[in-house]
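> Just a sequence and a predicted model for now, questions to come.
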Amino acid sequence: MDEDCGLQGNGDLFGLGVRLGLYIQLLTSGMVSSLLPKSLHSSYFINTNISLFASTWIIIIKESILRDLPAVEINVFSVLALTQIGAIMVLVSRHLTMIPAISLAAIPAQILLSAYWTWFFWRGLDVLPRSACPDEYAFFFARVSLYHWFRTLSKVGYIILLVLVFYGCLTLPKQIRLIRELQTEAQGLQQEMEGDRWFQLVHIALQMVNTMLILAIAVTSTELTIKWNNIQGVYTLNSVGQLIPFITGLGLFMNVAYLIFNKYGIFHNHPEIEESLGDGSGTEPCPYRPGTENDQA
């Protein structure tokens, strides 16, 4: 690649602070799912990552319609958005009863993603702005041109995926019945899992490995794509727009690390910590007990 070519990146979309914040949030989600599965943080991180995923794709579609963002930057931003999908997968895997509902809710997302990427590789690469470089690159477990054979492969792959997604929509009533059956089975399996200590330990280990694998792929693919395309202006934390997501992600990580230390450390019986590590039901215990002084009064 010619070192003189490249482009000025959009720091508000994938600047260093934004990237670090998302990486830290993915790591924190894995810690919550593995070590604090019943805490209120689990539901919080699921909802947060779903919201981030939705807002990310609203931005991608908006920028694609306006033709303001170069194709290679959209590719970087969308790859970075995979951290949110990874975090959701990690969190939901510890809550089997949520998997059927999440699978059903994922159908609109599958339609959106397959339709967008079909457009992107068939038409988007021709109408979106390009950098001054003779070629642009993507991550496919190696450096590959965003065009040529990789574009052809992506065209075929996303057309097949789009057909499969629409076929799945045609069988939606059958899927809903199956999901209801799986919901009942998942409740029983969840109870068995919670009673098996060895299974819990193995599951925790596998979840941490899974989290680190997803994080490694996300970091590698994003950072190498930025480097290969010589995208500049996205390696600083000087602006407020970069500090806010970074500090937010770091603060959440420190909070979760503190809760984990107290749960498995010397202060695990502290009442304030136990309240934070509740079952996630969002309900407070009833102070009234029959036969107490309140009853006698």
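It's in.
> Going along the chain, name the helices of the stretch 101-250 of the chain.
125-127, 148-170, 172-195, 197-228, 240-264 (DSSP state H, counting those that start in this stretch).
> What would stretch 208-228 look like as CSV? C-alpha coordinates only.
What follows is stretch 208-228, C-alpha atoms only, in CSV (Å, rounded to 0.1, in the frame of the first residue of the first chain):
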residue,chain,number,x,y,z
MET,A,208,-14.4,-16.8,29.4
VAL,A,209,-12.6,-18.5,26.6
ASN,A,210,-15.4,-17.7,24.2
THR,A,211,-15.4,-14.0,25.3
MET,A,212,-11.6,-13.7,24.8
LEU,A,213,-11.9,-15.4,21.4
ILE,A,214,-14.6,-13.0,20.2
LEU,A,215,-12.6,-10.0,21.7
ALA,A,216,-9.4,-11.1,19.9
ILE,A,217,-11.2,-11.4,16.6
ALA,A,218,-12.9,-8.0,17.0
VAL,A,219,-9.7,-6.2,18.0
THR,A,220,-7.6,-7.9,15.3
SER,A,221,-10.1,-7.4,12.4
THR,A,222,-10.9,-3.7,13.4
GLU,A,223,-7.3,-2.6,14.1
LEU,A,224,-5.7,-4.3,11.1
THR,A,225,-8.4,-2.9,8.7
ILE,A,226,-7.7,0.6,10.0
LYS,A,227,-4.0,0.1,9.6
TRP,A,228,-4.1,-1.5,6.1
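> Buried residues in it, which are they?
Neighbour counts over stretch 208-228 (16 or more other Cβ atoms under 10 Å) mark 208, 210-211, 214-215, 217-219, 221-226, 228 as buried. C-beta: built from backbone N, CA, C; applies to glycine.
> nearest to residue 71, of these?
residue 225 (12.0 Å; Cβ to Cβ).
> didn't the closest one look like it was pressed against residue 74?
No: between residue 225 and residue 74 there is no contact under Cβ atoms under 8 Å: 11.3 Å.
> Quick check: neighbours shared by the two?
Listed as contacting both residue 225 and residue 74 by Cβ atoms under 8 Å, 6 or more residues apart in numbering is no residue at all.
> low-scoring stretches of this structure, by residue?
For the chain, the stretches flagged by pLDDT under 70 are 1-4, 39-41, 93-103, 175-176, 179-197, 199, 265-297.
> tell me the phi and psi of the residue nearest to residue 242 when sequence neighbours are not counted?
Closest residue to residue 242 apart from its sequence neighbours, by Cβ to Cβ, 6 or more residues apart in numbering: residue 17 at 2.8 Å. When read as degrees, to the nearest 10, the backbone of residue 17 gives phi -60, psi -40.
> This completes my enquiry, with thanks.
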